[in-house]
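Colleague: I'd like to go over a predicted model; first the sequence, then the structure.
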Amino acid sequence: MAIASKDAETAIALIECRCGRGRCCREAPGNAGADCPAREQLGEILLASGRPTEALREFHAALQAAPRRRGALIGAAAAEANAKQRTG
């Protein structure tokens, strides 16, 4: 709901709660990376909110738990490019 209404700060707070309850890949072996989609979504919202450095941190957290995860790889690349544009 917060995401749909473009209330980025509320959406970020809600997803941070989800990420804080359990780190990526702390689930059963068959659920490796279960929280990674939440981290990817948080990264996407942070990136869209003009916070690429924070977004990159979330994408990297997802990749640590589930290396080569496509959404996290794409997001990390976009966040890094955006952060570089902002700094110089």
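Modeller: It's in.

Colleague: where are the low-confidence patches of the protein?
Modeller: 1-6, 17-35, 88 (pLDDT under 70).

Colleague: Can you list the residue ranges for helices in it?
Modeller: 8-21, 36-48, 52-65, 70-87 (DSSP state H).

Colleague: Could you list the buried residues of the third one?
Modeller: Applying a neighbour-count criterion of 16 or more other Cβ atoms under 10 Å, the buried positions in helix 52-65 are 52, 54-63, 65. All C-beta spots, glycine's among them, are computed from the backbone N, C-alpha and C.

Colleague: could those residues be laid out in a markdown table, adding distance to Cys36?
Modeller: Formatted as a markdown table, the buried residues of helix 52-65 follow (distance: Cβ to Cβ, whole Å):
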| residue | distance to Cys36 |
| --- | --- |
| Pro52 | 19 |
| Glu54 | 17 |
| Ala55 | 14 |
| Leu56 | 15 |
| Arg57 | 14 |
| Glu58 | 10 |
| Phe59 | 10 |
| His60 | 11 |
| Ala61 | 8 |
| Ala62 | 4 |
| Leu63 | 8 |
| Ala65 | 6 |
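
Colleague: State the distance from Gln85 to Leu73.
Modeller: Here the criterion is Cβ to Cβ, to the nearest Å. By it, Gln85 lies 19 Å from Leu73.

Colleague: Look at these two and report which has more neighbours.
Modeller: Neighbours per residue (other Cβ atoms under 10 Å) separate Gln85 from Leu73, with Leu73 holding more: 15 against 9.

Colleague: Quick check: the more buried one touching Leu63?
Modeller: Yes. Between Leu73 and Leu63 a contact is recorded at 6.9 Å, counting by Cβ atoms under 8 Å.

Colleague: Tell me which residues touch the closest residue to Arg39 other than its chain neighbours, please.
Modeller: Of all residues not flanking Arg39 in the chain, Ala62 sits nearest, at 4.1 Å (Cβ to Cβ, 6 or more residues apart in numbering). If you count contacts by Cβ atoms under 8 Å, 6 or more residues apart in numbering, Ala62 has them with 24, 33, 36, 39-40, 43, 69, 71-72, 75.

Colleague: No more questions from me, cheers.
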